[in-house]
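Enquirer: Here is my input; please provide its structure:
(one chain, ligands or ions: 1)
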Amino acid sequence: MPAIRTRVTVAFTVALSVTMAGFAVLVGAARRASAERELQSRVMTIAELGERILRQAGARPIVVNSDSLVGPRLDAPLVEVLDGLPGYLLIADGARIIYQSPAARALQPNEFDVLMRAALSLTPARSAGYVSLPVPDPLTGIRAPASGPGRNQLLVVGRFEEPTENVPVRRIVAAETTESLRFVRRELIGTVVAIAPVVLILFGLLAWWMAGQALRPIDRMVGDVEAITDGRSLHRRLHPPRAADEIARLGTTINAMMGRLEQSFAALRRFTADASHELKTPLTVIRADLERAMQAKPGTHDQLFALEEALQQSARMADLVDSLLTLARADEGRFDLHREPVPLEPLVHEAAETAQILGEGPGVRVRLRELQPATVDGDVVRLRQLFLNLVTNAVKYTGTDGSIELSLVTDATEARFIVQDTGIGIAASDLPFIFDRFYRADRVRSRASERGGFGLGLAISQWIAHAHGGSITVASRLGRGSTFTVRLPLRPQGETPVAGTRERTDTGD
Ligand code: ADP
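Expert: Take a look at the predicted model:
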């Protein structure tokens, strides 16, 4: 259980981290784009302002300091106004710089050189660009490296003017470092680094708790299942949660499965107990008979009588073992059915004749009421066994002066073999069980009677009917007789008879 819980928590935390990282990247990209736009418009605005200031001062004369090596300069009041603008600002008249802002003036000569070259490289067609320059940020004073991921850049934007008579100004170039862009990234990374661990820990704990809550019913069910240690504790049931969720369904399904297992185990125990009991009786009789035979004088009537009884009992035991084997194989689905087209009329005739012979003793009349031609796909030996089981039962449970009627009728899809007797009938309370193994409606009488069976005949008959895709049903009233009906699917018309095929069967019981 902890394994699943841990896995769910780890998976959730990893998924959350990936989502957060993805989100941070998207937000970072969006913020950087907007910061870049802001920077561009700021630099543009400074350049525009510079241009406007110059244009307003258009009437004022420009002091040309011809002695200076630097070249002409703007007059002092104008320089004072322009000095109020932030960032780097250069104004050039042709290739001569006639104004530098205080930030530009503070640059090292080589840095100024780079800035100047960048300013002069701008053209009206390419009026903006980035240049790498390890200049200090005029706002923060931070001097970033010239290269590498943290390198500083300048955004240089120029405005161009046609020189006039009074204002021989051609380009006004404003520049600002990209420090603000890096600041945005640093700020975002800082926020993510500060918040992410807290969020991950909090949500990880939440996931751990929720997984624990979700798995708790399973934990309880595992405990319940562990308490079922052997076949005897199969009466125990799980306690699924009330909610109509998957776990509740799992619990209900396991409970239903345990119900079926309990029934199977009980049936198996009953079967083993019954089988042992049924085998014990003839064995005891055989033992007693053999003892009697050994004590009796050889060849006397007593000895022969004892030996004959032992023989009868061993034949009875062989029958029982045979039936048990049949059922055991049927249960395992290991029974080979030799399928072939089987006409049922001869089998019904045979069954009627057997019933007549068996009924002679007790004086039971046997009549063949109806016999319609019918052919099924099946195993002739097993079908004969099925029919004989039913007619022997009918004779066995029908008293003197009783009668038995046999019919074979068909409809479009199936053949029905009906055995109707006027015998002792079966009580309504016994009816649901008579196809169960070892079930005898009246144990005392069955055992006492000479032909008392083991209660396996109908179980085998039912298996044979099912194995042929058919069924067997009974209608009976105590004292009024019983009617057993076997339904078997007819062989489809027009199908060419083929050589018998072997197949494994499963009763599905
Ligand atoms: P058995 O070998 O005891 O006859 P079966 O499995 O053939 O075992 O039958 C199960 C029980 O069903 C019988 O013990 C009997 O009580 C009842 N039974 C079967 N056939 C008939 C019938 N034709 N009339 C009355 N009871 C029957």
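Enquirer: Can you tell me the element whatever residue of the stretch 401-509 of the chain ends up closest to the ligand falls in?
Expert: Residue nearest to the ligand within the stretch 401-509 of the chain: G453 (1.7 Å; CB to the nearest ligand atom). Using the backbone N, CA and C atoms, a C-beta is placed for each residue, glycine as well. For G453, there is no host helix or strand (DSSP states H and E).
Enquirer: Make sure it is actually in contact with R440.
Expert: Yes - here G453 reaches R440: they are 7.3 Å apart, a contact under CB atoms under 8 Å.
Enquirer: Counting neighbours, which bits of the helix or strand hosting I472 end up buried?
Expert: Assessed by DSSP H and E, I472 sits inside strand 471-477. By neighbour count with 16 or more other CB atoms under 10 Å, strand 471-477 contains the buried residues 472, 476.
Enquirer: Then stretch 13-21?
Expert: 13, 16, 20.
Enquirer: quick one: contacts of that stretch?
Expert: 192, 196, 199-200, 203-204, 207 (CB atoms under 8 Å, 6 or more residues apart in numbering).
Enquirer: try stretch 104-119
Expert: Here stretch 104-119 has contacts from 88-90, 92, 97, 100, 129, 131, 133-135, 154, 156, 158, 171, 173, 175, using CB under 8 Å, 6+ apart.
Enquirer: Residues of this protein that sit close to the ligand?
Expert: For the chain, the residues in contact with the ligand (CB under 6 Å from any ligand atom) are 393-394, 397, 421, 423-426, 434, 439-442, 446, 453-459, 482.
Enquirer: One more pass at 5 Å, please.
Expert: 393-394, 397, 423, 426, 434, 440-441, 446, 453, 455, 457-458, 482 (CB under 5 Å from any ligand atom).
Enquirer: Need those in TSV (columns: pLDDT).
Expert: Formatted as TSV, the residues of the chain next to the ligand follow (pLDDT from 0 to 100):
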residue	pLDDT
N393	94
A394	95
Y397	92
G423	93
I426	93
I434	94
R440	86
A441	81
S446	47
G453	78
G455	89
G457	93
L458	95
S482	96
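Enquirer: Quick one: those as a markdown table, columns for neighbour count and secondary structure too.
Expert: As requested, those are exported to a markdown table (neighbours: other CB atoms under 10 Å; DSSP: H, G, I helix; E, B strand; the rest coil):
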| residue | neighbour count | secondary structure |
| --- | --- | --- |
| N393 | 21 | helix |
| A394 | 29 | helix |
| Y397 | 22 | coil |
| G423 | 22 | coil |
| I426 | 21 | coil |
| I434 | 21 | coil |
| R440 | 19 | coil |
| A441 | 19 | coil |
| S446 | 16 | helix |
| G453 | 20 | coil |
| G455 | 21 | coil |
| G457 | 20 | helix |
| L458 | 22 | helix |
| S482 | 24 | strand |
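Enquirer: At the geometric centre of the chain, which residue do we find?
Expert: What sits nearest the mean C-alpha location of the chain, by CA atoms, centre = their mean, is E246, with 10.6 Å.
Enquirer: Check what pLDDT it gets.
Expert: Each residue has a pLDDT score; the one for E246 is 87.
Enquirer: before we move on, the earlier item: please list only the buried members of the contacts of stretch 104-119.
Expert: Neighbour counting with 16+ other CB under 10 Å marks 88-90, 92, 97, 100, 131, 133-135, 154, 156, 158, 171, 173, 175 as buried within those.
Enquirer: What's the local residue count around R369?
Expert: 11 (other CB atoms under 10 Å).
Enquirer: which of the buried residues of stretch 13-21 lies closest to A352?
Expert: T13 (80.9 Å; CB to CB).
Enquirer: so the closest one is in which element?
Expert: helix 2-56.
Enquirer: Beyond that helix, next helix or strand please.
Expert: helix 76-83.
Enquirer: name the helices or strands packed onto that next one?
Expert: helix 2-56 (3 or more CB pairs under 8 Å, 6 or more residues apart in numbering; DSSP states H and E).
Enquirer: Could you check the angle the helix it packs on makes with helix 76-83?
Expert: 170 degrees (axes from the mean of the first three to the mean of the last three CA atoms, to 10 degrees).
Enquirer: pLDDT on helix 2-56, on average?
Expert: For helix 2-56, the mean confidence score works out to 90.
Enquirer: Could you do stretch 402-412 as well?
Expert: 95.
Enquirer: Contacts for the helix or strand hosting I464, please.
Expert: Using DSSP H and E, I464 sits within helix 457-467. Applying CB under 8 Å, 6+ apart, the external contacts of helix 457-467 come out as 323, 326-327, 330, 335, 337, 379, 382-383, 385-386, 389-390, 392-393, 434-437, 439, 471-472, 486-488, 505-509.
Enquirer: 6 Å - rerun?
Expert: 326, 330, 337, 382, 386, 389, 434-435, 437, 471-472, 486, 505, 507 (CB atoms under 6 Å, 6 or more residues apart in numbering).
Enquirer: These: which two are farthest apart?
Expert: L337 and I434 (24.2 Å).
Enquirer: What are the contacting residues of stretch 197-217?
Expert: 1, 5, 8-9, 12-13, 16, 241, 247.
Enquirer: Low-confidence stretches in the stretch 351-500 of the chain?
Expert: Residue ranges of the stretch 351-500 of the chain with pLDDT under 70: 442-452, 494-500.
Enquirer: Please repeat the previous calculation with a cut-off of 50.
Expert: Low-confidence segments of the stretch 351-500 of the chain (pLDDT under 50): 444-451.
Enquirer: got the buried residues for stretch 483-495?
Expert: 483-488, 490-491.
Enquirer: ditto for stretch 36-53
Expert: Buried, per 16+ other CB under 10 Å, within stretch 36-53: 39, 42-44, 46-47, 49-51, 53.
Enquirer: Identify the residues contacting that stretch?
Expert: By CB under 6 Å, 6+ apart, stretch 36-53 touches 81-82, 85, 87, 89, 155, 157, 159, 172, 174, 176, 180.
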